[in-house]
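> just to be clear, the model below is a prediction. Sequence and coordinates:
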Protein chains: 2
Amino acid sequence: MKLICTQNNFKKAIFNTERVIGKQNTLPILKNIMLKTEKGQLKFSATNLEIGIITKIGAKIERKGKITIPARLLSDFVNNLPNEEKILLETKNQTLTITSGNYNARINGLDAADFPIIPKLKSSYLVSLMAQKFKEAISKILFCVAINENRPEFSGVNVDFLEDKIILAATDSFRLAEINLKFSDNEISDNYRDFITKKNTAIVPYNTFSEIARAINTETKKVNIAVEENQIFFEIDGVQVVSRLINGKYPDYKQIIPQKFSTRVVLAREDFLRAVKISNVFADSKSGEINLKIDSKKSGLIIQAQSHESGENKVKLKADIVGPSQEIILNSRYIIDGANVISSFNIAILVNNESSPVGIKSINDKSGEILEDYVYIVMPIKK
Amino acid sequence: MKLICTQNNFKKAIFNTERVIGKQNTLPILKNIMLKTEKGQLKFSATNLEIGIITKIGAKIERKGKITIPARLLSDFVNNLPNEEKILLETKNQTLTITSGNYNARINGLDAADFPIIPKLKSSYLVSLMAQKFKEAISKILFCVAINENRPEFSGVNVDFLEDKIILAATDSFRLAEINLKFSDNEISDNYRDFITKKNTAIVPYNTFSEIARAINTETKKVNIAVEENQIFFEIDGVQVVSRLINGKYPDYKQIIPQKFSTRVVLAREDFLRAVKISNVFADSKSGEINLKIDSKKSGLIIQAQSHESGENKVKLKADIVGPSQEIILNSRYIIDGANVISSFNIAILVNNESSPVGIKSINDKSGEILEDYVYIVMPIKK
């Protein structure tokens, strides 16, 4: 391999691919990035065997070839280089020589023949989603995934591909989040309708969505998605991310989302979040128990917590309450997680009784209506 | 104790005192802040037995008293409170009730009688230094302190109090930094001259200077310093910091600082730092060995590194060289540390031969002269 490319493109490609390389990998070649000439381009590949990343840049290729190079070393080297337009790469046996201005390095690599194969997309992308909306959806879902779960299907996000939307859902059996991402016909490919008649769900690992959220920067416009057999493919700003899917059937979570709530509490999200955070300070550190008293006559919400170690606290908040008074015990950290991702000014707390799931939803700040595209459900603590 | 104070002052006082409370403290009372009414003020004290912090705020005191309260809990509570002007404190037995607006908490404390005594300044402050200059001096010295050192005197910064300046020095026996802080007569108290005839050195623990550097914010104007027996006292924006001194005699480090250097290399600090950082990537991870070739004929500096694991690199830099050519082996990380704290545009690398200490100094960017107020010395690696 012998080629010239721009330093800027080279740096970007390293940055985009090295992310997937974990420190815990014991197999030396998984710490490497594969560089390979391909049809007048230089291709960068990295994988942790769960997620693979591929990106390509333009290059003036003098001699074809491939090699794998330790990602950390390559990244530390190129990121410290002074700005020069060009960078020269040349391989000899299993070493790569990099030259940029007065800087010259020779890096020991490993044989590209031993690099794991990253699955290729055979057909084409199915949907093309608005990147920022998708990233926001991931942030509202991902924290509910059970990471250390014996049931593998709980360790991912369930994705339902429907006629006019995608539904993302995650649960750790204590709480659950579901979000609807609607799209228009021009956001789907011709084969999308065909695809959903054959297969319409996928369980995507936590780390994959976490990586996708990181890969979407503030400039990113679109995220392309495709599913093939046991793999999901994403394309973000020309970078391809491939991930295995989790085998198994996702639990039928729909049944635990209450269709109706008898009591509706609406108040400023910030006030509510602050009160729960303060109560969390006093809550028992294991159970996180806080007590919510909803007094519909006084239009008041009282949040209380206490523990032997610390003491106790009490916060009184004014709220707009419809329905009967309630008293319910909840895990403060779960409530904080939910209230944190609501982006409306007001928040709705929805209750049926002390033993039924509590709902947290956004409010349309103009009309005052409850928004139904996102729902966060928490199981109360039974006394 | 029963009193009212402003929430803002209360928050600030907690912020200033809680810093000293380490997570590793096993004695429960050391995790607490002592609150005590004193002459119409509320006094906050915290200590880790090495460093003690005291600060006071105005308060409307209805009933005198004292109590100690877990710092973390107090801090988490008050920092989450919504902005209200006032805060009410009331103790009953060993509990503290705090009320602010609709927020009310009762926190379990411990008996103030069991709180360790923090030494008090008996006389008055000796010097009043420019805070920003002092903070910068600490940052140029502190990284040379040997933290895990069997010889306790190496685990602190040596402070020499002289007629018209203070000299700070630190060494871990591989490298050494010394800085001169000159002051004018109006920065010292009447008893300063008297003090330096009796005692004129102190070894200040690493953590103490680290804490002092943190306590100086961008607004801070002055730092007052006093030494009494085995303690050093600082006053920063009304906050008192007291620390024990390290017993022992600091080594006579002056003798290892070369008085003259035969070769002087001057080049842009940023270029030099970048080249050493890149070489560090390729240097042996244990020894950090890099090779500096100073070619006075070609006005060039070549920095090279290599290791079995990674490969090798070579950087050529132009430099202004006076004196004979040299070749010397250094620890890249030590050079990075030194070049990092130099604030002039150009940097001077000063060499005698391959086995004598190398000096790093700042340059007066206007005159091109070497500045002598700060010197950083590194021992070369002998082959």
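Structure's in. What do you need?
> three-state assignment of A:Glu372?
Judged by DSSP: H, G, I helix; E, B strand; the rest coil, the three-state class of A:Glu372 is coil.
> any idea how many residues pack against it?
Each residue near A:Glu372 was counted by other Cβ atoms under 10 Å in any protein chain shown, and the total is 9. Quick note: C-beta positions are derived from backbone N, CA and C, even for glycine.
> that one: what's it in contact with?
Each residue near A:Glu372 by Cβ atoms under 8 Å, 6 or more residues apart in numbering or on different chains is listed here: A:180, A:361.
> what does A:Gln326 give?
A:Gln326 touches A:263, A:292-294, A:351, A:353-354, counting by Cβ under 8 Å, 6+ apart.
> beta partners of it?
Under the criterion DSSP bridges, A:Gln326 forms beta bridges with A:Ile294.
> A:Gly300 too?
Listed by DSSP bridges, the beta-bridge partners for A:Gly300 are A:Asp295, A:Lys318.
> for burial, what's the neighbour tally of it?
Look at A:Gly300: counted by other Cβ under 10 Å, it has 17 neighbours.
> thought it was touching A:Val315?
No. With contacts counted by Cβ atoms under 8 Å, A:Gly300 stays clear of A:Val315, the gap being 10.5 Å.
> related to what we said a few turns ago, by neighbours, which of the contacts of A:Gln326 wins?
A:Val351 (25 neighbours).
> for A:Phe195, helix, strand, or coil?
Applying three-state DSSP: A:Phe195 is helix.
> how about it: what's its closest non-neighbour residue?
Spatial nearest neighbour of A:Phe195, excluding adjacent residues (Cβ to Cβ, 6 or more residues apart in numbering or on different chains): A:Leu126 at 5.5 Å.
> what strand or helix carries the closest residue to A:Asp172 other than its chain neighbours?
Closest residue to A:Asp172 apart from its sequence neighbours, by Cβ to Cβ, 6+ apart: A:Ala146 at 3.6 Å. Using DSSP states H and E, A:Ala146 sits in no helix or strand.
> other SSEs contacting the longest helix anywhere in chain A?
Longest helix in chain A, counting residues (DSSP state H): helix A:269-282. Applying 3 or more Cβ pairs under 8 Å, 6 or more residues apart in numbering or on different chains; DSSP states H and E, we find helix A:269-282 packed against strand A:289-295, strand A:300-307, strand A:311-318, helix A:332-341, strand A:346-351, helix B:71-80, strand B:103-108.
> try 7 Å this time
Applying 3 or more Cβ pairs under 7 Å, 6 or more residues apart in numbering or on different chains; DSSP states H and E, we find helix A:269-282 packed against strand A:300-307, strand A:311-318, helix A:332-341, strand A:346-351, helix B:71-80.
> for the third one, give the mean pLDDT please.
Averaging pLDDT along helix A:332-341 yields 97.
> so A:Phe115 touches A:Ile29, yeah?
Yes. Here A:Phe115 reaches A:Ile29: they are 5.9 Å apart, a contact under Cβ atoms under 7 Å.
> more neighbours: which of these two?
The residue with more neighbours, out of A:Phe115 and A:Ile29, is A:Phe115; 20 against 17, by other Cβ under 10 Å.
> related to what we said a few turns ago, now do the longest helix of chain A against strand A:289-295, angle only.
Counting by axes from the mean of the first three to the mean of the last three Cα atoms, to 10 degrees, helix A:269-282 lies at 140 degrees to strand A:289-295.
> may I see the buried residues of helix A:269-282?
For helix A:269-282, burial by neighbour count (16 or more other Cβ atoms under 10 Å in any protein chain shown) applies to A:269, A:271-282.
> check stretch A:56-76 too.
A:56-57, A:59, A:61, A:65-76.
> can you check stretch A:200-215 too?
A:202-212, A:215.
> what does A:Val227 show for phi and psi?
Main-chain dihedrals, A:Val227, degrees, to the nearest 10: phi -130, psi 130.
> hang on, it packs against A:Ile203?
No. Using Cβ under 7 Å as the test, A:Val227 is too far from A:Ile203 to be in contact (11.0 Å).
> which pLDDT value goes with the nearest residue to A:Glu62 once chain neighbours are set aside?
Sequence neighbours aside, A:Lys2 is the residue nearest to A:Glu62 in space, at 4.3 Å (criterion: Cβ to Cβ, 6+ apart). A:Lys2 is assigned a pLDDT of 98 by the prediction.
> which ones are touching the closest residue to A:Leu73 other than its chain neighbours?
Nearest residue to A:Leu73, sequence neighbours excluded (Cβ to Cβ, 6+ apart): B:Ser310, at 5.3 Å. Shown in contact with B:Ser310 (Cβ atoms under 7 Å, 6 or more residues apart in numbering or on different chains): A:73, A:107-108, B:282.
> ok, then the element right after the lowest-mean-pLDDT helix or strand in chain A?
Lowest on mean pLDDT, DSSP states H and E among the helices and strands of chain A sits helix A:192-198, with a mean of 93. Moving toward the C-terminus from helix A:192-198, the next helix or strand (DSSP H and E) is strand A:201-205.
> note down every partner strand of that next one and its orientation.
Using DSSP bridges, strand A:201-205 pairs in its sheet with strand A:156-161 (antiparallel).
> please state the offset of the partner strand from the chain centre?
Put simply, strand A:156-161 sits 12 Å off its chain's centre (Cα atoms, centre = their mean, to the nearest Å).
> with stretch A:305-321 instead?
Relative to the centre of its chain, stretch A:305-321 is centred 33 Å away, using Cα atoms, centre = their mean.
> send the alpha carbons of that stretch over as CSV?
Below are the C-alpha coordinates for stretch A:305-321, written out as CSV (Å, rounded to 0.1, in the frame of the first residue of the first chain):
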residue,chain,number,x,y,z
ALA,A,305,-38.6,11.2,52.2
GLN,A,306,-36.8,9.9,55.3
SER,A,307,-34.1,7.5,56.3
HIS,A,308,-32.4,6.5,59.5
GLU,A,309,-29.0,7.7,58.4
SER,A,310,-29.8,11.2,57.2
GLY,A,311,-33.1,12.5,58.6
GLU,A,312,-36.2,13.6,56.6
ASN,A,313,-37.5,16.3,54.3
LYS,A,314,-40.8,17.7,53.1
VAL,A,315,-41.6,19.8,50.0
LYS,A,316,-44.9,21.4,49.2
LEU,A,317,-45.7,22.2,45.6
LYS,A,318,-48.8,23.8,44.0
ALA,A,319,-50.2,21.8,41.1
ASP,A,320,-53.1,21.6,38.7
ILE,A,321,-54.9,18.4,39.8
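> and A:Asn25, what pLDDT?
At A:Asn25, pLDDT is 66.
> can you check the one 4 residues further on too?
Confidence at A:Ile29, expressed as pLDDT, is 94.
> likewise A:Arg175?
96.
> which ones are touching it?
So A:Arg175 contacts A:144, A:334, A:376-379 (Cβ under 7 Å, 6+ apart).
> from chain B, how far off is the residue nearest to A:Asp172?
27 Å (Cβ to the nearest Cβ, to the nearest Å).
> walk me through the domains of chain A.
If you go by automatic domain parsing, the domain ranges for chain A are A:2-114, A:127-254, A:258-378.
> what's the closest of these to B:Val20?
Among the domains of chain A, domain A:258-378 comes nearest to B:Val20, with 20.9 Å by Cβ to Cβ.
> and that closest one, end to end?
11 Å (Cα to Cα, to the nearest Å).
> just to revisit the earlier point, since we're on the residue nearest to A:Asp172, how many residues are nearby?
Counted by other Cβ under 10 Å, the residues lying close to A:Ala146 total 17.
> Provide a list of residues in contact with it.
Residues in contact with A:Ala146 (Cβ under 7 Å, 6+ apart) are A:154-155, A:172.
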